[in-house]
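> below is the sequence, then the predicted model.
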Amino acid sequence: MPSLAELQDGFAAAVRRPEPDPPRGITGRGDAGAGRRFGVYRNNHLAGLAGALEMTFPVVRKLVGEEFFRAAAMDYVRRHPPRSPVLLLYGERFGDLLDELPAAGRYPYLGDVARLEWSRIFALNARDTAPAEIRLLSGIPEPELPGTRLILHPSVRTLASRWPVLAVWQDCQPGGGRAKIDMERPERLLVVRPDTEVVTHRLDGGSYAFIRSLARGAALGEAAEHAMAEEPGLDLSAQLVLLFNYGTVAGIAPAAVNKIPPDQKGTPS
């Protein structure tokens, strides 16, 4: 006799399969009745997840139409079942699936539009944190600044696309549809919610490299090197002002906090 865990795993797998047969162990008033009731449950389950994706990706749905979107959503929910009962952030990999669909060839930017939409949902639901003020840096001795790390706001997301995905997203908002979009223009974006509203900013190459490095845990000195490599002559002081003005920084970790005793240094993984 299968264990409870095996029954649960079999039930979960059967919910995602298109086959009509119910999983082993499901019984009712006759085999036909059990199968029919399970089929209703399966359809409701998949439809509910697809509906959650519609709420998260309204611009993608608008671009491709309801039929295409529904088929892609059903494909996604079968491949990537939710790992959490909270569906607010379901669909993180939807852009990856759209990149793979041959039918999406007319919209090569579709995956990045989905990534932008998911990033905005992520930012909207991130932990509320008050942005830090730039005056905090004034208390750090200048020799320690290169080793200082900025703690980014929990809502921060970045996206680099070869397509003008923010322009496409804006054009699909209520009142849009009038702009002439240069589809040959790439965009680098910062998504953040410093207060109650999610904001998306366009960045130049140096700014994007700076923020990406900080997001990956680099100290100011290392992040500055990456930014300068991308955009020589970049005004780093102006970049810091920009970051704080955008509400991107939640705190700072002085260089002394970041020092690792020699006997605790490990081999990079």
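Sure thing, it's come through.

> in stretch 199-213, what's buried?
Using 16 or more other CB atoms under 10 Å as the test for burial, stretch 199-213 gives 200, 203, 206-213. Placement of C-beta: from N, CA and C, glycine included.

> of the residues you listed, closest to Ala114?
In terms of CB to CB, no member of the buried residues of stretch 199-213 lies closer to Ala114 than Thr200, at 14.4 Å.

> and the closest one, what are its bridge partners?
Here Thr200 shows beta-bridge partners Val191, assigned using DSSP bridges.

> A helix includes Ala167, no?
Yes. Assessed with DSSP: H, G, I helix; E, B strand; the rest coil, Ala167 lies in a helix.

> ok, the closest residue to it other than its chain neighbours to Leu53 distance?
The shortest distance from Ala167 to any non-neighbouring residue, by CB to CB, 6 or more residues apart in numbering, is to Ile181 (4.8 Å). Counting by CB to CB, to the nearest Å, the gap between Ile181 and Leu53 amounts to 25 Å.

> how about the strands in the stretch 101-250 of the chain?
Taking DSSP state E, counting those that start in this stretch as the criterion, the stretch 101-250 of the chain contains strands spanning 149-152, 157-161, 187-192, 199-203, 249-253.

> between the ones you listed, which one is nearest to Tyr107?
With CB to CB as the measure, strand 157-161 is the member of the strands of the stretch 101-250 of the chain nearest Tyr107 (12.8 Å).

> so can I have TSV of the strands of the stretch 101-250 of the chain showing mean pLDDT and distance to Asp128?
Compiled in TSV, the strands of the stretch 101-250 of the chain are given as follows (pLDDT from 0 to 100; distance: least, CB to CB, whole Å):
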stretch	mean pLDDT	distance to Asp128
strand 149-152	96	15
strand 157-161	97	16
strand 187-192	98	13
strand 199-203	97	15
strand 249-253	94	11
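
> of those strands, which is nearest Asp235?
The nearest among the strands of the stretch 101-250 of the chain, by CB to CB, is strand 199-203 at 13.9 Å.

> how near is the residue nearest to Ala167 to Gln173?
When distance is defined by CB to CB, Ile181 is 13 Å away from Gln173.

> circling back to that earlier point, these two touch, right, the residue nearest to Ala167 and Gln170?
No. Proximity of Ile181 to Gln170 does not meet the contact threshold set by CB atoms under 8 Å, at 9.1 Å.

> spatially nearest residue to the spatially most central residue of the chain (excluding sequence neighbours)?
For the chain, the residue lying nearest the average C-alpha position, counting by CA atoms, centre = their mean, turns out to be Ser119 (3.9 Å). Nearest-residue entry for Ser119: Arg157, 3.8 Å, with adjacent residues in sequence omitted and distances by CB to CB, 6+ apart.

> Val165 now?
Distances taken as CB to CB, 6+ apart put Asp112 closest to Val165, at 4.6 Å, once the chain neighbours are dropped.

> quick one: contacts for the one you found?
Each residue near Asp112 by CB atoms under 8 Å, 6 or more residues apart in numbering is listed here: 95, 159, 161-163, 165.

> farthest-separated two in the residues you listed?
Within the contacts of Asp112, two members stand farthest from each other by CB to CB: Gly95 and Arg162, at 13.6 Å.

> and the two? which has more neighbours close in?
With neighbours defined as other CB atoms under 10 Å, Gly95 and Arg162 compare such that Gly95 has more, 21 against 13.

> related to what we said a few turns ago, quick check: bridge partners of the residue nearest to Ser119?
Note on Arg157: beta-bridge partners by DSSP bridges are Val191.

> was I right to think it contacts Ala123?
Yes. Here Arg157 lies in contact with Ala123, judged by CB under 8 Å, at a distance of 6.0 Å.

> which neighbours do these two share?
When contacts are counted by CB under 8 Å, 6+ apart, the set common to Arg157 and Ala123 consists of 191-192.
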